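A.B. asks: Model the structure of this input:
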Amino acid sequence: MAPLTHHASTFLAEGSRTFPRQSTREDSWDFAGEDHSEESQDDGAEAMSFKVEQPKEFLGAKGGPLLRLIFVEALQDSKMATALGLSWGSSQFLPSSMNLVGREVEDFAECLDRLYPRREHGPGTLYENAFKLVRSYQTIAENTVKRLRKEHAPKRQKLLSERWRRRVQVINDEMLEDPDFEEDGDEPGLGNASESTMAIEDLKRWEQEAQTWDLLALMLNLEYVKPGQNKEKEGHEKTQSIGEITRYTSEEKIWEKFLVEDGLAKERQAVLSWLKRNAESSGGDIEIIVKQLEEGAERGKGLWAHGWLYTKEAVKAQKRLRSLPQVLDPSSPGIAKAHLNSSKNQQLVTQLDPDAATRQSKVLESQDEYFERAIWLACWEMLRRGKSWGQVREWCRERVEGWRSVSMRGGQPAWDKFIDEKMGEAMQPDSENLDEPEDTPGAKISGNRSRALWRRMCFALARRGGVDDYERAVYGILSGDLPSVQKVCRTWDDLLFAHYNSLVLSQFDKYLMSNYPDRVPSALNRKFGLFDSVQFHGEPQHVSHRLIDSLNTHPISKQEAKQPLKKIQGSFISQRFPEFAYQQGIAISKFANDGQRSKIIPLLKDTVLPKQLPSGVSLQEYIDCDDIDALRVVVHALLIFQQLGLKISESPELVAAENVIVAYIQFLSSTDKLDLVPLYASRLSKLRSELTLGRIMLGVTEHSERGRMVKLMQGLNIDVGEVVKTQMGLLLTDLAREEDDTDTEKGKQPENDKAIPEQIVILEASDDPHQMGRQIKLDFITDDLSQVEDMLISSLEWFLAVEGMWYETFHTGTRLYKRFLRRGRLAAARELLRRIPSSRISLEKTEHIIGKKVDISVDAEESDDEVDIATNTGVPRAASDRHRTPLSPQQTRKMHEVLSKQAKSYVELEKLVAALDTLEIWRLVVEEKIQDRAKRKEKLQQACHDVVAAVSLLLDEWLVCHSTGEEKIEFNEIRNMYLPEVILAYNSVLHYTGCTAKREILLRCLELSTLLAADGSDLLGCFIESKRLPELVSALAKSSRATIKANEMKGGKSSEEKRRAGNGETLAIWHVKPFPEISALYGW
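C.D. replies: Okay, the predicted model is just below:
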């Protein structure tokens, strides 16, 4: 039954709407479509460009085919990922191979870089830029939607048609309420979808993202006040502009005043407008629906005008049989048995007015029932999309179903030419009545001046009238009823629309009764009730919380509510996004540390969290970090909230919230988008930024790339020096933990900083007569370099990429040498020597410190040019300091001495490693099979010469200077570990080379004896403390005997012909005949 009220016969003005839409796109923040290409930061800093040329097959908003997968091969190695700190646990928390990495990643970063402030700005600028960011993100999503729609329009249209066909074919209430019924079954998930369906799924996801950004802008505009803006004053001025409310004032004016005075109603109306826009943008063209409905109703195109076509023919047949000129009477004899539907199981209506089925309690032919359901479904869909009554009227008029639009027009605002024009209420420019002659009733009077009674009639129809659920739902929308509308809801959006529509109309009805009781007389309210949605939903301030939570469990929406973007939208609507981000961060922490401990996302234990995850909610309820698109939305939304003033002060909460950003940073690094990492890391708290960058930047190994990344970080006000120091500290902690774990597995007590071996062993037993019973081990240094050790060295290379930091670089390098050497990790120590010799550090850093490249190994006296020297060796000079008065040569030499002193320990430890390296090389030369004897001798002598040059640097007060008592102990351990073995090996080299290549080299053995026995020698103490003095005495005795025997050559030559050693010494002094008793005593 149509609710025909006092105003039902009044012709409505076209273009008016059921309810005036709340304008949610105010000039202050409606930036959609603006060109930001010329925008830059207020501080004049040039915005960094993150535009990266991508291959043509790259997925993105700018074009190209659908799929492209990008991953770093190194990160597919679980060991490498673990070492980098990028392992997410046993579940491999890195993005799966199904993730699509597109141009939108760079587009979002570009917008963020352009509009996110790098330094302090006024609150007004922060506010405006935040809204510009939201609209920029929305534009990116909308552009992608346009492209995908263009590419997949036929497929999309086919799927939408199938969707509507299925929807209309649902006949009985049981199927409608079946929780297993899924309307969107034609849009399956990615798991089992074909490529074409995946494309549509991608389009659907992008539509949801565009809607999400639109919703965020809407909610932010309602929640946040622009600095300097007085919303209370603006509301008062708006109320004044509406004017005094009289008995003649249109209800539209009262509606405007209601939305100004009731902020909660304004918010809900704004969400309703958003839901209507969503339905319009993603629901397909109404004409597509009409075409599908024509086919399902078994009537060709254009036959809608015939109404109940099949029932009409049955009625005519009965009238012809009975030769009745009048209306067929349902009480006619035999009519009950003769006038049945085609299935012969129910009686057909005997009359064809709209109320016949309800009045007679009879049915229509199945084709006409389908037609009736389809046409009410179309009406429902138009109201759901926010179509104006004029558009609904036109649609119904084309199908000769105008009575349906007439039954709905009571909801239109009133307009009377003689009343409203005098009150200054001109007709809307888009009025459908502008083409009507002025003397027609519709041009002068339209709509309903008081819609209270009309809404109650609609409510009665929604509850007790109509032949189809969609008919009742249409009147339910108009009256604010909830159950009748819920019955036809098929999506999360539909259910939210039903609740908010009911709430807003219920609030308005109460507003009228409270402020304008003459509009809703008490007698009317008692006689004709309405659904009290306000009372039904309970306490008003947290209705949105309870409502969104209920959608998560509702049979219709619970599956859709699990979609990440729906979770995000729900958090916006319920104004719980900060809490959502916090909970998401906790979930990420648990995901990342499931099994294997993550090195980049800490495990947040429940005992330290001020708020736990909701009980009964599993981790699967949160956004899976494999869904990078959803994670991207959460991250950029969180950054916008922070820009608008969201403060997370408590440490555990801050860590949890920042886990979301760190997870996205980890994704960027895993997809080789390291250029974007500093941008997002700069949005973290200082310590978290340094920790995160310290881990991530280990993946950069090229020196030129490091330099580029340093510039990016510096441009974002990141303290790169702190980053590299933090990075080194993290790796040293990793190494200590790794060693402790290894010791624990072996049942040992963790050694921590204690030296593991008491002495290094590089000699082994030998039966070679020239080796004195022992020889240097072959490859004693080995190539056993662990990944963590390799990364420690790489981390030290990062120090070279940062200007200044002279002391920090050498101090950290010394720390590495001490750790490697005290643990016998010779391969790591040699790798450090090869990659970062002190000369490299000196040449790369002195130019910035003293104005030119200097090798500190050169004496200060050789560098007496006047140069500009910074007074602080650890801090980069400002550009303005480069033109100061040059220092004198004496000051230059003094500065050189300071730099040399700071590098001394590193250089001396480097000497030890270099000596060990020459010893191993000499042993390899000995092992070589060289047929040419002369060439072999020459090569052996050269190797021995290198050994002498390297080891001699250790024989004069080596590693005796220290800065602390702890360092003194460490250096003493290293001396005792290495010097005895190195000296014994050195003696062995001299002995073997002297016996096989050049006898004069044996004189070096005697020099070594003299050096060890000299007064004040610091070398002999090492043998005593290490209890290796007997080995030394034995080795020197054998060398002395070999030296004496060396001159006993067959056919000896004159002294003038004797070959000389390096400093001109000869063996002539040892050309003596030993006494027999002495020979017998020593076994010579």
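A.B. asks: how about the nearest residue to residue 547 once chain neighbours are set aside, secondary structure?
C.D. replies: Leaving aside its chain neighbours, residue 547 sits nearest to residue 499 (5.5 Å; criterion: CB to CB, 6 or more residues apart in numbering). Any C-beta I mention is one placed from the backbone N, CA and C, and that applies to glycine too. For residue 499, the secondary-structure state derived from DSSP: H, G, I helix; E, B strand; the rest coil is helix.
A.B. asks: For residue 731, list the residues it contacts.
C.D. replies: By CB atoms under 8 Å, 6 or more residues apart in numbering, the contact set of residue 731 is 698, 788, 791, 792, 795.
A.B. asks: Next up, the contacts around the second one.
C.D. replies: Right, residue 788. Residue 788 sits next to 83, 731, 734, 735, 738 when contact means CB under 8 Å, 6+ apart.
A.B. asks: Make sure it is indeed in a helix.
C.D. replies: Yes - counting by three-state DSSP, residue 788 is part of a helix.
A.B. asks: Quick check: the gap between it and residue 891.
C.D. replies: Going from residue 788 to residue 891 by CB to CB, to the nearest Å gives 43 Å.
A.B. asks: one step back: give the burial count for the residue nearest to residue 547, as a bare number.
C.D. replies: Close neighbours of residue 499, defined as other CB atoms under 10 Å, add up to 26.
A.B. asks: Of the contacts of residue 731, which is the nearest to residue 154?
C.D. replies: Checking the contacts of residue 731 against residue 154 by CB to CB gives residue 698 as the nearest, at 48.6 Å.
A.B. asks: surely that closest one meets residue 797?
C.D. replies: No - in this structure, residue 698 is not within contact of residue 797 by CB atoms under 8 Å, at 10.4 Å.
A.B. asks: got the contact list for residue 546?
C.D. replies: Applying CB under 8 Å, 6+ apart, we find residue 546 in contact with 537, 538.
A.B. asks: A helix includes it, no?
C.D. replies: Yes - counting by three-state DSSP, one finds residue 546 located in a helix.
A.B. asks: Domains in the chain, by residue range?
C.D. replies: Here the domain parsing of the chain from automatic domain parsing is 73-228+576-718, 284-367, 763-1048+1059-1079.
A.B. asks: Turn those domains into CSV, columns for mean pLDDT and distance to residue 492.
C.D. replies: Listed next are the domains of the chain as CSV, based on pLDDT from 0 to 100; distance: least, CB to CB, whole Å:
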stretch, mean pLDDT, distance to residue 492
domain 73-228+576-718, 78, 10
domain 284-367, 82, 18
domain 763-1048+1059-1079, 81, 47
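A.B. asks: could I get the ones you listed as a markdown table with distance to residue 543?
C.D. replies: Shown next, in a markdown table, are the domains of the chain (distance: least, CB to CB, whole Å):
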| stretch | distance to residue 543 |
| --- | --- |
| domain 73-228+576-718 | 13 |
| domain 284-367 | 31 |
| domain 763-1048+1059-1079 | 54 |
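A.B. asks: Among those domains, which comes closest to residue 725?
C.D. replies: domain 763-1048+1059-1079 (6.6 Å).
A.B. asks: that older thread, residue 578: which of the contacts of residue 788 is nearest?
C.D. replies: Using CB to CB, residue 734 is the member of the contacts of residue 788 that lies nearest residue 578, at 33.0 Å.
A.B. asks: Cross-check the contact I'm expecting between that closest one and residue 599.
C.D. replies: Yes - taking CB under 8 Å as the definition, residue 734 is a contact partner of residue 599 at 7.0 Å.
A.B. asks: burial measure for residue 960, as a count.
C.D. replies: 12.
A.B. asks: tell me the SS of it?
C.D. replies: Recorded secondary structure, residue 960: coil (three-state DSSP).
A.B. asks: Next, the closest residue in space to it that isn't next to it in sequence: phi, psi?
C.D. replies: What sits nearest to residue 960 in space, not counting adjacent residues and going by CB to CB, 6+ apart, is residue 1018, at 6.1 Å. Residue 1018 adopts backbone torsions of phi -90, psi 0, taken as degrees, to the nearest 10.
A.B. asks: State whether residue 1018 and residue 959 are indeed in contact, as I suppose.
C.D. replies: No - contact criterion CB under 8 Å: residue 1018 and residue 959 do not qualify, at 9.4 Å.
A.B. asks: Show me which of these two is the more surrounded one.
C.D. replies: Using other CB under 10 Å as the criterion, residue 1018 and residue 959 rank with residue 959 on top: 21 against 15.
A.B. asks: so who does that one touch?
C.D. replies: 905, 908, 909, 912, 971, 974, 975.
A.B. asks: just the strands in the protein please.
C.D. replies: For the chain, applying DSSP state E gives strands covering 415-416, 445-446, 763-765, 774-776.
A.B. asks: Report the strands that pair with the third one, each with its relative direction.
C.D. replies: Taking DSSP bridges as the criterion, strand 763-765 sits next to strand 774-776 (antiparallel) in its sheet.
A.B. asks: what does the strand it pairs with rub up against?
C.D. replies: Strand 774-776 is contacted from outside by 762-766, 768, 919-920, 922-923, 926, 984-985, 988-989, 992, using CB under 8 Å, 6+ apart.
A.B. asks: And for the residue sitting nearest the centre point of the chain, nearest residue in space, chain neighbours not counted?
C.D. replies: Per CA atoms, centre = their mean, the C-alpha nearest to the average position across the chain is that of residue 664, at 1.9 Å. Leaving out its chain neighbours, the residue that sits closest to residue 664 by CB to CB, 6+ apart is residue 635, at 4.5 Å.
A.B. asks: now residue 365: how far from residue 335?
C.D. replies: Distance of residue 365 to residue 335, given as CB to CB: 16 Å.
A.B. asks: between the two, who's got more neighbours?
C.D. replies: The neighbour count for residue 365 versus residue 335, taken as other CB under 10 Å, is higher for residue 365 (22 against 17).
A.B. asks: who are the neighbours in contact with the closest residue to that one other than its chain neighbours?
C.D. replies: Of all residues not flanking residue 365 in the chain, residue 310 sits nearest, at 3.8 Å (CB to CB, 6+ apart). For residue 310, the contact set (CB under 8 Å, 6+ apart) comprises 298, 342, 364, 365, 366, 367, 368.
A.B. asks: Likewise for residue 979?
C.D. replies: Applying CB under 8 Å, 6+ apart to residue 979 gives the contacts 954, 958, 1019, 1022.
A.B. asks: how does it look with 7 Å?
C.D. replies: Contact analysis of residue 979 by CB atoms under 7 Å, 6 or more residues apart in numbering lists 954, 1019, 1022.
A.B. asks: Out of the residues you listed, which sit inside helices?
C.D. replies: residue 1022 (DSSP state H).
A.B. asks: Now tabulate the contacts of residue 979 in JSON lines and tack on distance to residue 547 and neighbour count.
C.D. replies: As requested, the contacts of residue 979 are exported to JSON lines (distance: CB to CB, whole Å; neighbours: other CB atoms under 10 Å):
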{"residue": "954", "distance to residue 547": "78", "neighbour count": "21"}
{"residue": "1019", "distance to residue 547": "84", "neighbour count": "21"}
{"residue": "1022", "distance to residue 547": "79", "neighbour count": "23"}
